[in-house]
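Asker: give the three-dimensional model of this entry:
(2 chains)
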Amino acid sequence: MKNQEIAAIFARMADMLAILGENYHRIMAYRRAAENIAALSRPLEEIWQAGELRTIPGIGETLAAKIDELMRTGRLEAYEKLKAQVPAGVVDMLLIPDVGPKKAALFWQTLGITDIEALEQAARDGRLRHLPGMGVKSEEKVLAGIAALKKRTGRTPLGVAWSLAQALLEALRKMPEVVQASPAGSLRRMRDTIGDLDLLVASAEPEAVMARFRELPQVAEVLLSGPTKTSIRTHEGIQADLRVVEPARWGTALQYFTGSQAHNIRLRGLALERGLSLSEYSLKREDGSEILCPTEEEVYAALGLPPIPPELREDRGEIEAALAGRLPILIERSQVRGDFQFHTVRSDGRNTLLEMARAAQAAGLEYAVVTDHSYSLGITRGVSAAALRRQRAEIEEVNRLMGGTFRLLAGVEVEMRADGTLDLPDEELAGLELVVAAIHSGLRGERERLTARMLAAIRNPHVDIIAHPTGRLIGEREEADLDMEAIFRAAAEHGTALEINGYTHRLDLNDVHVRRAVELGVTLVISSDAHDVNGFANLAWGVAMARRGWATAAQVLNTRRAEEVLAWARSRTSAPS
DNA sequence: GCCGTTTTCGGCCCGACTGTTTTCAGTCG
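Answerer: Now for the predicted structure:
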């Protein structure tokens, strides 16, 4: 069984236990286990086979036994029992905003409601308002929540959320009462997808800021608003939460509001060990006196920790690494010298080679690899072998025009065909400076064949880089069913680089995959996959995935100069495979 | 259910907002 499947079972069990009114901490234990399993960079099955389940944080004797049962039999008796007790539709009610385990249980136990449709009908009939703790307003909230659930679009890709947030932050920074404004939450941690936009403001006049915020043109609906916290929904249907704090409390507030929740819980535990209570307002001593932290660094320092980059704050070992003085020095966007995938009008891009070269240089790059699609990819206009040779002359011309300040490298995004071969002959590939290989079709294929197709490309000495390895498209297509562990090991063995594609809807490899690739010593490249002159901005999202995967500059090819990259590619092609 | 150079039992992060309530429960992050 896959990590995500087992994590989902434990998360579902936590929901069912909560509805049954079980001990809160027992429920949390299931949730923590689910989160930690979902975040594992290795297959749980491997850890199970090695008998090392108990090394996973949050997995003790009982849960280890449950995982063992799932791995051996494919089912879990305790889970089956819970499913027999709690109707699935009642668990689904937890998806409704403002409906939690207590209310779901109330509707189920008192009115016999066992799915969302029946709940909606009961609310319309005015049957919820008479329940204990309910009223007319709560009944309306249930209806509004069901409506919101029905039109919910899911999570938003980082790059899309980022620009929406920037617009709100710019508006906030223009307000005279605002001292400082920052993204927080998963946005600041640069998760690949974002639920709500979390924004933090420092101001001595929170009510004035809230009033102005509610009136911004981006606001479609005010969901709740108090003196320190306001939630709105934008016209795009995305929720934004604004918190306002005094400037003197900025550090604790930014730390708290950035999360993740799991990271914060660990930090608060560390604080308690030192006789301190950490909240978004301050560190409080046992005598009630407060330590104010205007900066985040002071919060971490007070707990005996170096500053931890937001991208690492997931409780995936960063606290242990920080305590041991072994935090990685993460790659930064400013260290990126080149780009390894972009397209021009020759395939499905919108700009010419020269326009793209100038845009890449304006984005701070020294070089970029031209990677128009090869011929067989039906959905785009691909380049034939002959067109590729003509493009080579164009590249040289553009390089002359750029006057030595910027360099295009001759490459291609060559298609891996279903039979594992590439759709350009070896002699054509040999004439290129860099070869990027990718799969665009048949991604729903069966695991063994698809993996074999990837491995064949990884072993091909002409192939330098595998583009967007899992093929996922956020919100549209799941990752292909691939043996990623085998792919990482083969890439490490053959020195083939794997791409972190920064295109907003790809972000592929994602953070968890990057982490495993880094552990296994795989060489990585970050690509913008730009299809027009604005596309080089995508490099920032690729860098974000690299950082979330604990990648340092040394492991990412983009930090090397063009000549070093070419030397790397030549050494690969000449090496025996 | 997990976890421990304070404990193998007794803890387990902390606070805002809303709505239903005369002091708090539920939800959310």
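Asker: neighbours around the residue in the stretch 151-300 of chain A that DNA strand B sits nearest to, how many?
Answerer: The stretch 151-300 of chain A approaches DNA strand B most closely through A:G226 (2.3 Å), counting by C-beta to the nearest atom of the strand. Where C-beta positions appear, they are placed from N, C-alpha and C, glycine not excepted. Per other C-beta atoms under 10 Å, the neighbour tally for A:G226 reads 11.
Asker: and for A:P461?
Answerer: Going by other C-beta under 10 Å, the residues that sit close to A:P461 add up to 18.
Asker: just the one 5 residues further on next, same as before
Answerer: Neighbour count for A:I466, taken as other C-beta under 10 Å: 23.
Asker: grab the nearest non-local neighbour of it.
Answerer: Excluding its sequence neighbours, the residue lying closest to A:I466 (C-beta to C-beta, 6 or more residues apart in numbering) is A:L498, at 5.3 Å.
Asker: the one you found: what's it in contact with?
Answerer: Residues touching A:L498, when contacts are defined by C-beta atoms under 8 Å, 6 or more residues apart in numbering, comprise A:465-466, A:469, A:487-488, A:491, A:509, A:517, A:522-525.
Asker: name the residues of stretch A:213-229 that are buried.
Answerer: Of the residues in stretch A:213-229, those buried by neighbour count under the rule 16 or more other C-beta atoms under 10 Å are A:213, A:216, A:218-219.
Asker: how far away is the residue nearest the centre of chain A from A:S441?
Answerer: Computing the C-alpha centroid of chain A and ranking residues by C-alpha atoms, centre = their mean puts A:D192 first, at 2.3 Å. Between A:D192 and A:S441 the computed distance is 24 Å (C-beta to C-beta, to the nearest Å).
Asker: what about burial for the contacts of A:L498, which qualify?
Answerer: A:465-466, A:469, A:487-488, A:491, A:509, A:517, A:522-525.
Asker: just the ones of the residues you listed in strands?
Answerer: In this view, these that belong to strands under DSSP state E are A:465-466, A:524-525.
Asker: quick revisit: export the buried ones among the contacts of A:L498 to CSV and append columns for pLDDT and distance to A:S571.
Answerer: Output for those, formatted as CSV (pLDDT from 0 to 100; distance: C-beta to C-beta, whole Å):
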residue, pLDDT, distance to A:S571
A:I465, 96, 14
A:I466, 96, 18
A:P469, 95, 22
A:I487, 96, 22
A:F488, 97, 21
A:A491, 97, 16
A:L509, 96, 23
A:A517, 97, 20
A:V522, 98, 16
A:T523, 98, 12
A:L524, 98, 17
A:V525, 98, 16
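Asker: stretch A:111-122 and DNA strand B in contact?
Answerer: No: residues of stretch A:111-122 are not located near DNA strand B by C-beta under 7 Å from any atom of the strand, the shortest gap being 12.1 Å.
Asker: so what touches that stretch?
Answerer: In this structure, residues lying in contact with stretch A:111-122 by C-beta under 8 Å, 6+ apart are A:87, A:89-90, A:92-93, A:96, A:107-108, A:127-128, A:131, A:142-143, A:146, A:149.
Asker: who's in contact with A:A271?
Answerer: By C-beta under 8 Å, 6+ apart, the contact list for A:A271 reads A:277-278, A:283, A:302-303.
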